[in-house]
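Asks: Return atomic coordinates for the entry below.
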Amino acid sequence: LAVTYVFLAEPSPSTAASQQPVKKAQKAQAEGTKPATVPSAPQVNPLRSLAVVTSVGLYALLSTCAGTFNTVFPLFLFTGTADGGFGFDSSQVGLLLGLGVQLQLFWQPLVFPWLTRKLGFRSCCRLGFLL
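Replies: This is a model prediction of the structure:
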């Protein structure tokens, strides 16, 4: 959770600093003098950056949790009360899962965009993690 918060908005490198040697070389060429060598930008493999690796790892963890929940939740609803479940029959489990879909169809296009405009993306992520 803390790692996601830190890497949620990765700062981009300053473009002004990287363009300064190129502008000097262009100025020297316009004046007719020999331009100084322009250092090339260091090659960075974006797939090995800490932010990408962390995001992929957290996505894998989230997918595992979601898959586990989607498998275990109906079983928990169907299990008898003597064994710690709710004891619903199959039609009640189907109705409950269908209502969840209807709530998501309402939430995603209507509530979530309004909430991100009002609170901001980072605050919505924090709120989602707390819920």
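
Asks: low pLDDT regions in the protein?
Replies: The model of the chain has pLDDT under 70 over residues 1-42, 44.

Asks: Looking at it, which helix is longest?
Replies: For the chain, the helix that runs over the most residues, judged by DSSP state H, is helix 50-78.

Asks: buried stuff in it?
Replies: S55, P74, L77 (16 or more other Cβ atoms under 10 Å). In this view, the C-beta of every residue, glycine as well, is placed from N, C-alpha and C.

Asks: Equivalent analysis for stretch 116-130, please.
Replies: C125, R126.

Asks: just checking, next helix/strand downstream of the host helix or strand of P113?
Replies: For P113, the element it lies in under DSSP states H and E is helix 112-119. Using DSSP H and E, the next helix or strand after helix 112-119 towards the C-terminus is helix 121-130.

Asks: related to what we said a few turns ago, return the list of helices and strands in contact with the longest helix of the chain.
Replies: helix 2-7, helix 90-106 (3 or more Cβ pairs under 8 Å, 6 or more residues apart in numbering; DSSP states H and E).

Asks: Which of these sits closest to F69?
Replies: Across the helices and strands packed on helix 50-78, F69 has its closest neighbour in helix 90-106 (11.2 Å, Cβ to Cβ).

Asks: Flag every buried residue along the closest one.
Replies: Quick answer for helix 90-106 (16+ other Cβ under 10 Å): V93.

Asks: Dump the C-alpha coordinates for that helix into PDB.
Replies: This file holds the C-alpha atoms of helix 90-106, laid out as PDB (Å, rounded to 0.1, in the frame of the first residue of the first chain):
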ATOM      1  CA  SER A  90     -28.200 -21.100  -5.600                       C
ATOM      2  CA  SER A  91     -30.900 -18.700  -6.700                       C
ATOM      3  CA  GLN A  92     -30.100 -16.400  -3.800                       C
ATOM      4  CA  VAL A  93     -26.400 -16.500  -4.500                       C
ATOM      5  CA  GLY A  94     -27.100 -15.700  -8.200                       C
ATOM      6  CA  LEU A  95     -29.400 -12.800  -7.200                       C
ATOM      7  CA  LEU A  96     -26.700 -11.300  -4.900                       C
ATOM      8  CA  LEU A  97     -24.000 -11.600  -7.500                       C
ATOM      9  CA  GLY A  98     -26.300 -10.100 -10.200                       C
ATOM     10  CA  LEU A  99     -27.000  -7.100  -7.900                       C
ATOM     11  CA  GLY A 100     -23.300  -6.600  -7.500                       C
ATOM     12  CA  VAL A 101     -23.000  -6.200 -11.300                       C
ATOM     13  CA  GLN A 102     -25.900  -3.700 -11.400                       C
ATOM     14  CA  LEU A 103     -24.200  -1.600  -8.700                       C
ATOM     15  CA  GLN A 104     -20.900  -1.700 -10.700                       C
ATOM     16  CA  LEU A 105     -22.700  -0.600 -13.900                       C
ATOM     17  CA  PHE A 106     -24.000   2.400 -11.900                       C
END
